[in-house]
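>>> Sequence plus the predicted model coming up.
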Amino acid sequence: MAITTGQLIQWKQQGRSIVALTAWDYAIAQLLDAAGVDLILVGDSLAVVLGYETTLPITLEEMLHHAKAVRRGVKQALVVVDLPFLTYQESISQAMHSAGLILKETGAQAVKLEGGYPAMVETVARLVQAGIPVMGHVGLTPQSVHQLGLRQQGKTQEASETIFHQAMALEQAGVFSIVLEHIPADLARKITQKLNIPTIGIGAGVDCDGQVLVTSDVLGLGEKHPPFAKVYTNLRETITKAVKDYASEVRDRQFP
Ligand code: KIV
Ligand code: NA
């Protein structure tokens, strides 16, 4: 049975932690799904795999292309796709159109969008009313990099209260889950205790209802990774060694 948004909410109630990772193509998605990951996010961090500096340049077309490939690799996990920068902030109708294309063309079950300010909460409510499951994302929101940088958010009392209220407003609007990115652990714990829907943390401490990381960070594929990521293996080294071994065998006429 494929995992549903309702299942995630049940797992929160049962205290079963939710495992989430990002994917960008069929091969990676198939591996993560078979390894038992609960939620696979086609994050706009796909930008990094495509060689962009920030998430801002990614287009809806690029997200659709990669999300279709990911979806083909997944049997169990819930597949969530990020709405890219400026494909949902302009108006409710723009958000509806973009989210609709993602659900209709990729077969993903949900979309994720950034921000918990009043206009975005209204957009979320309208998407949810139309039958589109939405995941929220507050704290460090990388699409606002030119305003926020990549610093931890919610450090002052005021900023902390703003994020807390954004999370509550998003739950009210009907999100099935919220990503809490790079905020103090005690703020993430307070939000997690307050909400009925699961929080998925990234750089937000151990008390979230689940954790997400960018898979290229976990695998050590990227050139750099954020301070809160844990690098579980170094695929850059593994791949470099394999390629160099192959190259020398070809040059020495040892292969084939
Ligand atoms: O794009 C992404 O990978 C994300 C996760 C870091 C939550 O939004
Ligand atoms: Na993202």
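Arrived safely, thanks for sending. Residues are numbered from 1 along each chain as shown. Ligands and ions are numbered 1, 2, ... in the order given.
>>> So what's the residue count around the residue in the stretch 151-256 of the chain that ligand 2 sits nearest to?
Going by Cβ to the ion, ligand 2 is nearest to Val179 of the stretch 151-256 of the chain, at 7.9 Å. All C-beta atoms are positioned from the backbone trio N, CA, C, and that covers glycine. Using other Cβ atoms under 10 Å, Val179 has 27 other residues around it.
>>> Same question for Leu187.
22.
>>> Let me know the pLDDT of it.
With respect to pLDDT, Leu187 scores 98.
>>> Is it located within a helix, as I assumed?
Yes: counting by DSSP: H, G, I helix; E, B strand; the rest coil, Leu187 is found in a helix.
>>> what does stretch 79-92 contact?
39-44, 46, 55-56, 58-60, 62-63, 67, 70-71, 94-95, 98-99, 102, 106-113, 115, 120, 122-123, 126, 135, 143 (Cβ atoms under 8 Å, 6 or more residues apart in numbering).
>>> Now the nearest residue to Pro184 once chain neighbours are set aside: which helix or strand?
Once flanking residues are discounted, Pro184 sits nearest to Gly154: 6.0 Å by Cβ to Cβ, 6 or more residues apart in numbering. Using DSSP states H and E, Gly154 falls within no helix or strand.
>>> Please report the distance of Gly154 from Ala169.
As judged by Cβ to Cβ, to the nearest Å, Gly154 and Ala169 stand 15 Å apart.
>>> circling back: who are the contact partners of the residue nearest to Pro184?
Gly154 makes contacts with 139, 160, 162-163, 183-184, 187, as judged by Cβ under 8 Å, 6+ apart.
>>> Now the two most distant members of those residues.
Thr162 and Pro184 (13.2 Å; Cβ to Cβ).
>>> neighbour-wise, which of these two wins?
Applying other Cβ under 10 Å to Thr162 and Pro184 shows that Pro184 carries more neighbours, namely 19 against 16.
>>> And that one, how close does it get to Asp209?
Going from Pro184 to Asp209 by Cβ to Cβ gives 17 Å.
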